[in-house]
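Trainee: No sequence on hand, only this structure:
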Ligand SMILES: CC(C)(COP(=O)(O)OP(=O)(O)OC[C@H]1O[C@@H](n2cnc3c(N)ncnc32)[C@H](O)[C@@H]1OP(=O)(O)O)[C@@H](O)C(=O)NCCC(=O)NCCS
């Protein structure tokens, strides 16, 4: 068994991801800035089933505000089933990436993002729901943008035409993130929830 297979418990290792080229312009805006320092330290790859413990630590590290913004209401714990769902997507209708920081020789998850294909009748069969979270102390360093742009590339390859994101109306950060990476985004508030649509076509 190769080293990489050992790291994934015998399964073939999912490769690191490319970042959608639009990121180049995002990156250019931050060239030589403090953020550039972080971009070079963070690795983005698909989540692995072996990330369970790392993912749990990431979830537990979230502040109440970040947790509530991600789950639309404070989520106190993850069940074993939820943890399996979050760390073992099928990579077809559910694709997830994690941002990793090597912390004294140990990989730590500092961000996660996923898209899940929406069933027909809930926004279009070529639409996918997007969710993204960055650990509090790592917000504002360009990690959320990198995760979303990594998903944009993977989604385009699967024929996804648009991402739909549900957020609390007071969550201005995610709307700014979406607007920063694309001008093809719209936002409306329905039933107390902001629905953000990001066109990928
Ligand atoms: C929203 C979130 C994912 C953004 O991730 P991030 O890594 O902090 O964002 P980035 O550093 O990549 O910022 C990208 C752009 O968005 C804007 N932005 C992001 N968060 C912002 C905030 N709170 N306030 C103002 N602008 C913000 C920045 O202007 C930035 O543009 P720039 O790079 O040109 O300066 C992160 O704040 C988070 O995890 N929030 C809690 C969970 C959540 O709200 N998820 C969305 C619903 S699923």
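Mentor: All right, it came through fine. The structure displayed is predicted, hence computed values, not measured ones.

Trainee: Tell me the residue of this protein that sits nearest the ligand?
Mentor: As assessed by Cβ to the nearest ligand atom, the ligand sits closest to residue 144 within the chain, at 2.3 Å. Yep, even glycine has a C-beta here, placed from its N, CA and C like the rest.

Trainee: Distance check, that residue against residue 50.
Mentor: According to Cβ to Cβ, to the nearest Å, residue 144 stands 24 Å off from residue 50.

Trainee: contacting residues around the residue of the chain closest to the ligand?
Mentor: Neighbouring residues of residue 144 by Cβ atoms under 8 Å, 6 or more residues apart in numbering: 111, 113, 132, 134, 174, 177.

Trainee: and residue 201, how many residues sit next to it?
Mentor: When neighbours are defined as other Cβ atoms under 10 Å, residue 201 has 9 of them.

Trainee: residues touching it, list them.
Mentor: So residue 201 contacts 161, 162 (Cβ under 8 Å, 6+ apart).

Trainee: again, only using 7 Å
Mentor: Residues near residue 201 by Cβ atoms under 7 Å, 6 or more residues apart in numbering: residue 161.

Trainee: Look up how far residue 157 lies from it.
Mentor: Taking Cβ to Cβ, one finds residue 201 at 13 Å from residue 157.

Trainee: and if you look at residue 79?
Mentor: Relative to residue 157, residue 79 is positioned 31 Å away (Cβ to Cβ).

Trainee: what's the average pLDDT for the helix of greatest length in the chain?
Mentor: In the chain, taking DSSP state H as the definition, the longest helix is helix 143-157. The average pLDDT within helix 143-157 is 92.

Trainee: after it, next one along is what?
Mentor: Using DSSP states H and E, the next helix or strand after helix 143-157 towards the C-terminus is strand 162-167.

Trainee: tilt between that following strand and helix 143-157?
Mentor: 140 degrees (axes from the mean of the first three to the mean of the last three Cα atoms, to 10 degrees).

Trainee: top of the contacts of residue 144 by neighbour count?
Mentor: In these, the most neighbours by other Cβ under 10 Å go to residue 134, 26 neighbours.

Trainee: Tell me if I'm right that that one and residue 142 touch.
Mentor: No: using Cβ atoms under 7 Å, residue 134 is not in contact with residue 142; the gap is 9.5 Å.
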